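**Q** dropping a prediction and its sequence here:
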Amino acid sequence: MEAGAELEVILTDAAQQFVGQQTLSAIAGRPVHTNLFDGLSPSPHTDLARWAEIIVVAPATANFLARAAIGGGSDLLSATLLASRAPRLFAPAMHTEMWEQPATRRNTAQLLADGVYLVGPVEGALTSGDHGTGRMVEPDEIISEVIRILGPGDMDGLTVLVTAGGTREPIDPVRYIGNRSSGKMGNAIALDAARRGARVRLVTSVGAPDHENISVVTVESAQEMAEAAWASLEGLDVAVMAAAVADFRPGKTSEAKIDRSSGPPTLAMEPTPDVLAGVAERSPETYLVGFAAEVGSLDRAIDKAKRKKVDLLVANDVSRPDSGFGTDTNQVMLVTPDGQQDVWPTLSKAEVAHRLWDTVLERR
Ligand code: PMT
């Protein structure tokens, strides 16, 4: 409120064991909400959900994270979260053992994959005189995170292209050559840009995030991705090529399903179009960010950054369990064509996306 925000407060049953309604009403200067069926509004959860620009849950208990991860909606808080399209920020607080439980790890991974932002917990004093990881971050840090997520609108007026997902190159009507990309990295990049005010053209082979600033073209093969990407270059400020695009495809696609009885076929391969190179050639004024999927060492990425005519290359080691295909986290190294390198720690893909846009805005 001191920072100028308008506030509505929901108190869960458990929260009321710790703080009274009167206390929070007095601080907020308005009644607090406690009940899905209070009789005052026919639909308090949808009213609150549509009104909020962001929903913060602090502290978020292990029980709450579990409910949110499965999409439960039996109380006012979880129903409001379910009914809202606003960004959600949770500040977990619990004992170390609860935070480290495989179930809680699974739930937080699911929430991150669903686009929820988490802040903390940190190490420090816990209840009952215990000490460890599980302490809620300080309120100032939650507020900084809210400001960061809502964004200064620092991408207003920018138009960006993002490619996401993996391409599929047909062998016959049934089979294809594909790769393991889930689209999580590209989707996170698209969503962050949209939330910061950019108009996003997302060319993808998988499901896309739902945001009014994102327009989606769904494709399957490298050829289709190239055509869609190259058709969206008009007035394009930045392109981020996070898709895993096939480099080769079968030279001929069989129109009939290849029959087992005819024995194993020999596939003669041909190169696919290089989507990224086509963007660089057709739209030299666009700030171009490439990705590099490497296995083991990221050294090859340094050479790739020079060869690929990009302004920035994001290299990730896809053989690591916390990085690359299908994971909710990524460990990346940023490389510029002049050989500057910046190694980032393992972060959620949402965080990688946010920092990547910060870097692009700084450098372009
Ligand atoms: O989708 P996720 O499961 O979240 O996984 C994320 C990711 C691992 C797919 C992503 O982080 C990533 O690394 N994307 C690039 C994968 C890739 O194709 O890397 P590459 O080194 O083969 O290609 C280099 C660059 O050229 C990439 O920007 C790629 O999009 C582009 N390219 C490649 C081939 C081609 N024919 N056309 C292209 O535009």
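**A** Done, it's in. Numbers count the residues shown, from 1 in each chain.
**Q** quick one: the helices in the protein, in order.
**A** 21-28, 44-51, 62-69, 76-82, 96-100, 102-113, 139-150, 184-195, 222-230, 275-282, 299-307, 349-363 (DSSP state H).
**Q** by contact count, what packs against the fourth one?
**A** Using 3 or more C-beta pairs under 8 Å, 6 or more residues apart in numbering; DSSP states H and E as the contact definition, the elements that helix 76-82 packs against are helix 44-51, strand 55-60, helix 62-69. Quick note: C-beta positions are derived from backbone N, CA and C, even for glycine.
**Q** right, and the ones you listed - which one's nearest Ala79?
**A** Smallest distance to Ala79 across the helices and strands packed on helix 76-82 (C-beta to C-beta): 3.8 Å, for helix 44-51.
**Q** ok, back up a step: any chance of the helices and strands packed on helix 76-82 in CSV, with distance to Asp154 too?
**A** CSV is the format used below for the helices and strands packed on helix 76-82 (distance: least, C-beta to C-beta, whole Å):
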stretch, distance to Asp154
helix 44-51, 24
strand 55-60, 21
helix 62-69, 29
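**Q** next up, the contacts around Gly29.
**A** Gly29 makes contact with Met1, according to C-beta atoms under 8 Å, 6 or more residues apart in numbering.
**Q** that should have said Met155, apologies.
**A** By C-beta under 8 Å, 6+ apart, Met155 lies in contact with Ala193, Arg196, Gly197, Ala198, Trp357, Leu361.
**Q** distance of the residue lying closest to Glu8 once chain neighbours are set aside relative to Leu111?
**A** Nearest residue to Glu8, sequence neighbours excluded (C-beta to C-beta, 6 or more residues apart in numbering): Leu48, at 5.8 Å. Leu48 sits 20 Å away from Leu111, going by C-beta to C-beta, to the nearest Å.
**Q** follow-up on the earlier one: which of the contacts of Met155 count as buried?
**A** Among the contacts of Met155, those buried by neighbour count (16 or more other C-beta atoms under 10 Å) are Ala193, Arg196, Ala198, Trp357.
**Q** how many residues are close by Pro284?
**A** Applying other C-beta atoms under 10 Å, we find 9 residues neighbouring Pro284.
**Q** swap that for Leu233, please
**A** Quick note: Leu233 (other C-beta under 10 Å) scores 17 neighbours.
**Q** ditto for Ser41
**A** Residues near Ser41, counting by other C-beta under 10 Å, number 11.
**Q** before we move on, what about Glu281?
**A** Around Glu281 there are 11 residues (other C-beta under 10 Å).
**Q** ok so, going back, just send the contacts of Met155 back as CSV, with pLDDT too.
**A** Shown next, in CSV, are the contacts of Met155 (pLDDT from 0 to 100):
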residue, pLDDT
Ala193, 94
Arg196, 89
Gly197, 90
Ala198, 96
Trp357, 96
Leu361, 96
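**Q** still on that earlier bit, make CSV out of the helices and strands packed on helix 76-82 and add distance to Val314, mean pLDDT and mean neighbour count.
**A** What follows is the helices and strands packed on helix 76-82, written out as CSV (distance: least, C-beta to C-beta, whole Å; pLDDT from 0 to 100; neighbours: other C-beta atoms under 10 Å):
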stretch, distance to Val314, mean pLDDT, mean neighbour count
helix 44-51, 34, 91, 18
strand 55-60, 30, 97, 20
helix 62-69, 28, 96, 20
